[in-house]
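*Asks:* let's see this in three dimensions:
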Amino acid sequence: MSPRRSHTAVLADYEGKTFNDAVHGHFTLPWLCVKIVDTPHFQRLRDLKQLGGTYYVFPCASHNRFEHSLGTAHLAGDFVRTLRDRQPELAITAADVLAIQVAGLCHDLGHGPFSHMFDNNFIPKAIKAIKERDPEAVTAEAVEHETISVRMIDALVEENGLWKEFKEAGLKEIDMTFIKECIEGIDPREAKGRGPEKAFLYEIISNKRNGIDVDKFDYFMRDSKALNISATFDPYRLKLFMKAMKGNDGQMQLCFKASEAWNLYELYHTRYTLHKRAYQHKVSNIYEDMVCEAMLLAEPYLRIPGKDGKPCSLVESIEDMEAYSKVTDCILNVIQCDTRPEMLPAQNVLKDLRSRRMHKHVGEMLLSGESSQSVAISELIASAPKQIFALVPDEAKQSSDGNSENDLLKLEEIQIGTIGINYGKKDKNPIDQVSFYLTSADTVATKMETQHVSLLIPKVFSEKYLRVTCRNRSKAKLVNEAYLAWWKTIPRDLAPRALVTPAKPEAESNRTEGAPVTKRPKLE
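*Replies:* Numbering: from 1, shown residues only. As a prediction, the model looks like this:
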């Protein structure tokens, strides 16, 4: 016979469940959040890597969307309760707090395999391929993962019968509208879930004004820990000096004490550092490009059981949440285990990936950030493959008469990509969108000039790179040399700097003593 449970234990069960997190330590989520966590739709997040292909460069970055969502829900509740306790005049209710936590918990339900690769890369290309195969085909429209998250939360509540629990927790239809608006990050002036007096609540989960929100706080801290890259900002200090007040535009918004301006610059610099060193790592981008290629090759043949048992393609699944709830990173295993001959091309790509026979990154160049050069840069990018191909020795490339020997370089095997890295507001200083207060007695916030923060604040807040990749591994060295020769012909005001990555010997892994050693990347 089990011992009698204490009143305290029963009360703890009623209030929620405690989680032990690697980043935030122990925290408790309310029982409604626990009900959501214990659904197949949410448990699916365990099979979605937080950093997609970056995990295949940084071995410890194996964390998933599941724990990030828990951490975001915790921070969301922590921050909104801090506002409620510090500023009673804001009239923040228990329903506001719970709705914000649910929004934080569910904000990433719509992510697909390999996170942003799925909605930003795969879906648009798959729709284009379908249209090329059949111009009359009716396809789903490409959407961002936030939109799919809203669809998923509807399916989660309906298919798991949770609306009763929402009502018992004190949430109404208008609160559900508020939750969805927080996830989508809409302009508070267009919101229906809460009035203008609570517009600041919309900036806690997804802050479109300046990017200061708990979603970023959690994944910056979590990713930095997993990647072993130091994060120099302090979100808990920001919480202590945060207020909701009217900005210059008369709208209620999250504001910070002026002394926290440097902390905020550290936040934006952390974002830049993570993108520079990890998120936009050349190898992880190549890995995701090859994963996308495999999925595109498999897409016409893959079918996933959807609503009422209807088979759906990967593209169709973004509109059928029954099917989408089954789509995770495990899709690669599904492709690998398929015995149909039609899947062989996709399986060959995956075999190359798992053998680390990946496309070769041969170099990248920094492009001018001047807006006046945008047309010239666009033309430069468009002409790059042909110009680099023209500089490869004729005997190494496919001739114009159609000679198609496998080891000869083809024009389409030279791929050009661009990446942008910034502080979160493209080429603008994000601090310009932040409002500050000087003393706790202030009722209206103000802007802050950069010279009042530090004379070391950067004057440029974004940079763009052009990357060259060769799909033909045996010809990567020649493409590398052609790329460098091409860069030397470009005016320095368009491409001020080039980074050249010497091609590694094909059998480097089996290199014997005395064999040549690849040099480190050379900066020209």
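
*Asks:* just the pLDDT at His7, thanks.
*Replies:* pLDDT recorded at His7 is 41.

*Asks:* neighbours around Leu267, how many?
*Replies:* Using other C-beta atoms under 10 Å, Leu267 has 26 other residues around it. Where you see a C-beta, it was placed from the backbone N, CA and C, and this is true even at glycine.

*Asks:* got any ranges where this structure has weak pLDDT?
*Replies:* With pLDDT under 70 as the threshold, the chain has low-confidence stretches at 1-14, 371-372, 399-406, 499-524.

*Asks:* per the record, what domains does it have?
*Replies:* With domains defined by automatic domain parsing, the chain comprises 8-264, 285-354, 360-423+461-503.

*Asks:* ok, now how distant is the most centrally placed residue in the chain from Thr443?
*Replies:* What sits nearest the mean C-alpha location of the chain, by C-alpha atoms, centre = their mean, is His116, with 4.9 Å. His116 sits 40 Å away from Thr443, going by C-beta to C-beta, to the nearest Å.

*Asks:* for His269, same thing?
*Replies:* The value you get for His269 to Thr443, if C-beta to C-beta is used, is 31 Å.

*Asks:* same check, this time on Ile183
*Replies:* Applying C-beta to C-beta to Ile183 and Thr443 gives a distance of 31 Å.

*Asks:* looking at these two, which has the bigger crowd around it?
*Replies:* Ile183 (27 against 8).

*Asks:* quick one: distance of the one helix or strand the more buried one maps to to the chain centre.
*Replies:* Assigned by DSSP states H and E, Ile183 falls within helix 173-184. How far helix 173-184 lies from its chain's middle: 22 Å, per C-alpha atoms, centre = their mean, to the nearest Å.

*Asks:* can you show me the strands along this structure?
*Replies:* Per DSSP state E, the chain carries strands over the ranges 16-21, 25-30, 242-246, 252-257, 304-305, 311-312, 360-367, 414-422, 435-437, 462-470, 497-500, 522-523.

*Asks:* the residue nearest to the centre of the chain against Glu146, yeah?
*Replies:* No - using C-beta atoms under 8 Å, His116 is not in contact with Glu146; the gap is 11.6 Å.

*Asks:* could you find the closest non-adjacent residue to the residue nearest to the centre of the chain?
*Replies:* In space, and not counting its chain neighbours, His116 is closest to Gly52: 6.8 Å by C-beta to C-beta, 6 or more residues apart in numbering.

*Asks:* my read: that neighbour touches Ser284, true?
*Replies:* Yes - if you go by C-beta under 8 Å, Gly52 and Ser284 touch, sitting 7.3 Å apart.

*Asks:* list the contacts of the closest residue to Ala155 other than its chain neighbours.
*Replies:* Using C-beta to C-beta, 6+ apart and skipping the chain neighbours, the partner closest in space to Ala155 is Met321 (3.6 Å). Taking C-beta atoms under 8 Å, 6 or more residues apart in numbering as the contact definition, Met321 lies against His41, Arg151, Met152, Asp154, Ala155, Lys307.

*Asks:* now do the contacts for Phe118.
*Replies:* By C-beta under 8 Å, 6+ apart, the residues touching Phe118 are His111, Gly112, His145.

*Asks:* now the helix ranked longest in the chain - C-alpha only, CSV.
*Replies:* For the chain, the longest helix by residue count, based on DSSP state H, is helix 65-86. C-alpha atoms of helix 65-86 as CSV (Å, rounded to 0.1, in the frame of the first residue of the first chain):
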residue,chain,number,x,y,z
ARG,A,65,13.4,22.0,-30.4
PHE,A,66,11.7,20.2,-27.4
GLU,A,67,14.0,21.6,-24.7
HIS,A,68,14.2,25.0,-26.3
SER,A,69,10.4,25.3,-26.3
LEU,A,70,10.3,24.4,-22.6
GLY,A,71,12.9,27.0,-21.8
THR,A,72,11.1,29.6,-23.8
ALA,A,73,7.9,28.9,-21.9
HIS,A,74,9.7,29.2,-18.6
LEU,A,75,11.4,32.6,-19.5
ALA,A,76,8.1,33.9,-20.9
GLY,A,77,6.3,33.3,-17.6
ASP,A,78,9.3,34.6,-15.6
PHE,A,79,9.4,37.9,-17.6
VAL,A,80,5.7,38.6,-17.6
ARG,A,81,5.3,37.8,-13.9
THR,A,82,8.2,40.2,-13.2
LEU,A,83,6.3,43.0,-15.1
ARG,A,84,3.1,42.1,-13.2
ASP,A,85,4.8,42.3,-9.8
ARG,A,86,6.8,45.5,-10.5
